[in-house]
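Novice: Got a predicted structure here, sequence first:
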Amino acid sequence: MMIRNVSASKLNPAPLAHDGTATTCPWYGILLTGCLLLAAPQATIAAFLFEHVGATDPLTEGFPNQGGSGMSGPVFNDQGHDAWSISAFASGSSQHFYTTGALTPGQLNDITNHGFTMTIESRALQGTASSYPNTVVGAAVVGLGPRRYDILLGVDANGDTVVVLPTTVALVGNMWTAPGASFTLVGSGSTYHTFELSYDPGTQLADLSVDGISRLTDYPGHTTNVTDVFLFVALSGGQVNYSLARLESVSEPIVGPWLAVALAYALTTRRSRRPAPNGEQHSTSLCSNPQARCTRK
């Protein structure tokens, strides 16, 4: 989340008394900075992040393992997107994938405590694969101990993209099948869409949104072929162009730095007042509006 910057010119500094010391209404700085602290969006930080973006080779982005059989490479301005294209041969394991290394105990603990969000922006192409529901052509997967959570993509007989949250996966002949809850982007054809799976560690269930709209909820994952990695893949003779593939822990707010700024500002604005020459008393008001309720002595 972006942190909104507050220009120094927007914070009127305390005027100087005749002896050069700053003057302020009591607790003015604390009240002002408190308001700023409440009004400003909080910064966030992810406990960890794996991310492929655009046409960059995933091997250079923290996905050191490439496997299966197929072809891959960059594509540019594909329906306005740069992407990394992965296609799988419909033979052998019928998959071509990129994975992270094994998730560390610390990363698995972050997910246990804070959850995860897995996101892909991609378009699926049928290639030589059968149409859905007989097969799926691509996937993003994260394994967490005894369970894994998948976003699977297929192409139906109308050429439209189907997203599946499977209850199991199986290789039948040269085609991967994956029964489970699904959502069809009717009329979409083979176009780019954003699929985001958000996991709640409290319920151990995940919800899927498509292009920012909630589509499938309460997904429990499944227990087939679980490995503690994050991967994205093409399957069954199909092709998927990935402009984004990301796994991150749920972000946490950063409160400390904002609080430090608030306290520092308050301390610098509440300077002590010294008597003016010859015992003359001067106004301590910062208020340019004479109707404001500021104490004068």
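Specialist: Ah, there it is.
Novice: ok, and for stretch 56-68, which residues are buried?
Specialist: Buried residues in stretch 56-68, counted by 16 or more other C-beta atoms under 10 Å: Pro58, Glu61, Phe63, Gly68. From N, CA and C alone the C-beta is placed, and that goes for glycine too.
Novice: oh sorry, the question was meant for stretch 189-204
Specialist: For stretch 189-204, the buried set under the neighbour-count rule, 16+ other C-beta under 10 Å, comprises Tyr192, His193, Phe195, Glu196, Leu197, Ser198, Tyr199, Pro201.
Novice: now do stretch 82-97
Specialist: So, applying 16+ other C-beta under 10 Å, buried residues of stretch 82-97: 83-90, 93-97.
Novice: least trustworthy helix or strand in this protein by mean pLDDT?
Specialist: Ranking every helix and strand in the chain by mean pLDDT, DSSP states H and E puts helix 256-269 at the bottom, with a mean of 48.
Novice: and the helix or strand containing Gly143, what does it pack onto?
Specialist: Secondary structure from DSSP states H and E places Gly143 in strand 138-144. Using 3 or more C-beta pairs under 8 Å, 6 or more residues apart in numbering; DSSP states H and E as the contact test, the elements touching strand 138-144 are strand 116-125, strand 147-155, strand 230-235, strand 239-249.
Novice: CA atoms only for that strand - export them in CSV, please.
Specialist: Output of strand 138-144 as CSV, limited to C-alpha atoms (Å, rounded to 0.1, in the frame of the first residue of the first chain):
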residue,chain,number,x,y,z
GLY,A,138,-2.3,-24.7,-16.6
ALA,A,139,-2.0,-24.2,-12.9
ALA,A,140,-0.5,-22.3,-10.0
VAL,A,141,0.0,-24.4,-6.9
VAL,A,142,1.3,-24.0,-3.3
GLY,A,143,1.9,-26.9,-1.0
LEU,A,144,1.5,-26.6,2.8
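Novice: circling back to that earlier point, which of the helices and strands packed on strand 138-144 is buried the deepest?
Specialist: Highest mean neighbour count among those (mean count of other C-beta atoms under 10 Å): strand 230-235, with a mean of 28.
Novice: Quick one: mean pLDDT over it.
Specialist: Summarised as a single mean, pLDDT over strand 230-235 is 98.
Novice: on that earlier part again, taking the buried residues of stretch 189-204 one by one, which sit in strands?
Specialist: In this view, these that belong to strands under DSSP state E are His193, Phe195, Glu196, Leu197, Ser198, Tyr199.
Novice: quick one: Val162 and Gly180 touch, right?
Specialist: No - judged on C-beta atoms under 8 Å, Val162 makes no contact with Gly180 at a distance of 10.9 Å.
Novice: Distance-wise, check the residue nearest to Leu125 when sequence neighbours are not counted relative to Leu231.
Specialist: Using C-beta to C-beta, 6 or more residues apart in numbering and skipping residues adjacent in sequence, the residue nearest Leu125 is Gln239, 4.2 Å away. Per C-beta to C-beta, to the nearest Å, Gln239 is found 16 Å from Leu231.
Novice: Could you list the low-pLDDT ranges of this protein?
Specialist: 1-46, 251-297 (pLDDT under 70).
Novice: Mind doing that once more with 80?
Specialist: By pLDDT under 80, the low-scoring segments of the chain are 1-46, 250-297.
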